[in-house]
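Novice: Below are the sequence and a predicted model; questions follow.
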Amino acid sequence: MQRNMNKYRFMIGLWLAAGALLLSACFKDKGNYSYTTLNDVLISMPDTLLVKQGAQLEVNPVVSQLLNKEEDRLTYEWVVTVPGRTASDSTLEILATTRDLKVEINYQSGRYYPLNLKITDNASGIVYRKQSLMRVTTDFEPGYLLLENDGLTADLSFVNTGRDEILRQVFSTANPGITLPVSAHHVYVCDYPLYTASVGSTSWTNAPGTITAVFGSEEGYILDYRTMRVATPYSLFFTTPPAVVAPGHFQMDSEQPPVFLSINNGQLHRIYFARGQALLGDAYLAPDDKGYFLAPHCANTSSVSLYYDQRNKRFLTENYLNLYLAPVVKGGSSGFDPANVSGQLLGMGLGKDWGDFYAVFKDETGDDCYFYTFSFTNALKVDKISSSPGFANSPAILFSTLRDQVYYADGNKLYLYDIAANFSRVLYEFPAGENTSALMLQDGNTLVAATWDGAEGRLYKLGLDASGSVIGGAYQKKYTGFGKIIHLKYKK
């Protein structure tokens, strides 16, 4: 009986549900609705944009609307992403709020920057976006900056290794009202990375950059490396202009944060970016009443620097915090006297693994050369260089930080000097008549040499193997058609 009752209840439930569906089907939705098709904005512009650093970037996007033609309902925003050291360091910068973009680009070259155009339809509130990758370039990187000087005229050239292109007379072309003096003797390229610094409670982050310079005997020029135009004379690159301008040397000896040094008229000056400095400060004080006059050389790590005082024939180091020079001490009973070193300084540098400091001197009366070794600023020993022909004639002395070796040149021959063996061997020989006029060691495993035959200058790039020998016994690259190259630097 109970089973039949459940069956009847189930059937009644079905009839009621079916009736409800039939009743709902008899009613019509009498609501009054209107449907609007939304506007759509289409953006067309190149996926990749190429711009030279310091030049104007112009982008004229094609913007079309599906329904409306009223441009005043749209607003625009151009935003560039500037990469930092990590992804979290990246920053967003608004370049413009106009439909078309026209702005000077001064971001670090050699990188890609995401560039976004954001368009807002103010009537609907909908935002539309389009991204391009902006590539910032310059003619003057990467490659070799060359100083050509035959004693009659001087100028700069640049070998762009990325494009395998030679740019001649770049200084005179960029600076038509300035003549580079024939006393020009060195070029300098100091690439510094992005860094963060602070003074007191104030901190800031600075973008990467480059200090590029060319020095003459009585004046020098700080150059805008993007264009090779003169940014400022060296004489004005000081907080207090010196009474005598005689540029001797310039280098960066620390990257985080960047620290630079310059030797002017034998006096040491520095720029500390971490202290908010942008110009060379006052000259360092002497360690005593004898004064000092530094040779245009420096061997250094990020914490220790070594100099030679030509006036008093002694080696000096420095106190970074108090801005004065200090004498170098004798390294034990077997060391030499660093306060009494005579001769002509040919070169100074760091040794293998950035450990020992080295200095090479030529005898005052002959061509004998002497090799001085320091453990940082402790004077250790001095050895007379033997079995090394023409050491005193080399246009540069290059100390390897990868091997216990030194590279030098005499005439058309390149030599490798083995420090431990006190012996040199011929590393490479150029054609007869091509004498080495400049020499540079790049990244420890690339030797770059310039030659001059009296009529034409040439540039050779030679790779070095693990033993310091020329790979395959042959040069990797050769560039021709220069004047006499007397100095060169590599720009990353």
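Specialist: The structure has been received and is ready for your questions.

Novice: Every contact and neighbour count from this point should use C-alpha atoms.
Specialist: Noted.

Novice: doesn't D253 make contact with C190?
Specialist: No - between C190 and D253 there is no contact, the gap being 9.5 Å when judged by C-alpha atoms under 8 Å.

Novice: Please name the nearest non-neighbouring residue to G216.
Specialist: Using C-alpha to C-alpha, 6 or more residues apart in numbering and skipping residues adjacent in sequence, the residue nearest G216 is A184, 3.8 Å away.

Novice: neighbours around that neighbour, how many?
Specialist: The burial metric for A184, expressed as a neighbour count using other C-alpha atoms under 10 Å, is 24.

Novice: now do L133
Specialist: Counted by other C-alpha under 10 Å, the residues lying close to L133 total 18.

Novice: before we move on, what about the one 5 residues further on?
Specialist: When neighbours are defined as other C-alpha under 10 Å, T138 has 18 of them.

Novice: Next one: it relative to Q251, how far apart?
Specialist: T138 sits at a distance of 22 Å from Q251 (criterion: C-alpha to C-alpha, to the nearest Å).

Novice: do the same with P176
Specialist: Summarising the geometry, the distance separating P176 from Q251, computed by C-alpha to C-alpha, is 27 Å.

Novice: more crowded one of those two?
Specialist: Neighbours per residue (other C-alpha under 10 Å) separate P176 from Q251, with Q251 holding more: 18 against 9.

Novice: That one and V187 touch, don't they?
Specialist: No - using C-alpha under 8 Å as the test, Q251 is too far from V187 to be in contact (10.4 Å).

Novice: ok so, going back, quick check: the residue nearest to G216 touching A213?
Specialist: No - in this structure, A184 is not within contact of A213 by C-alpha under 8 Å, at 10.8 Å.

Novice: Quickly list what's touching both of these two.
Specialist: G220 (C-alpha atoms under 8 Å, 6 or more residues apart in numbering).

Novice: So A274 lies in a helix, does it not?
Specialist: Yes - inclusion of A274 in a helix is indicated when DSSP: H, G, I helix; E, B strand; the rest coil is applied.

Novice: and it, how far is that from P83?
Specialist: Distance of A274 to P83, given as C-alpha to C-alpha: 21 Å.

Novice: and what of K461?
Specialist: When distance is defined by C-alpha to C-alpha, K461 is 33 Å away from P83.

Novice: now F361
Specialist: For F361, the distance to P83 equals 46 Å [C-alpha to C-alpha].

Novice: Which of those two has more residues huddled nearby?
Specialist: F361 (22 against 17).

Novice: got the contact list for G411?
Specialist: G411 is in contact with 434-436, counting by C-alpha under 8 Å, 6+ apart.

Novice: could you measure it against M348, distance?
Specialist: 22 Å.

Novice: For beta bridges, what are the partners of the spatially most central residue of the chain?
Specialist: Compute the mean C-alpha point of the chain, and by C-alpha atoms, centre = their mean the closest residue is D191, 2.3 Å away. With DSSP bridges as the criterion, the beta-bridge partners of D191 are T210.
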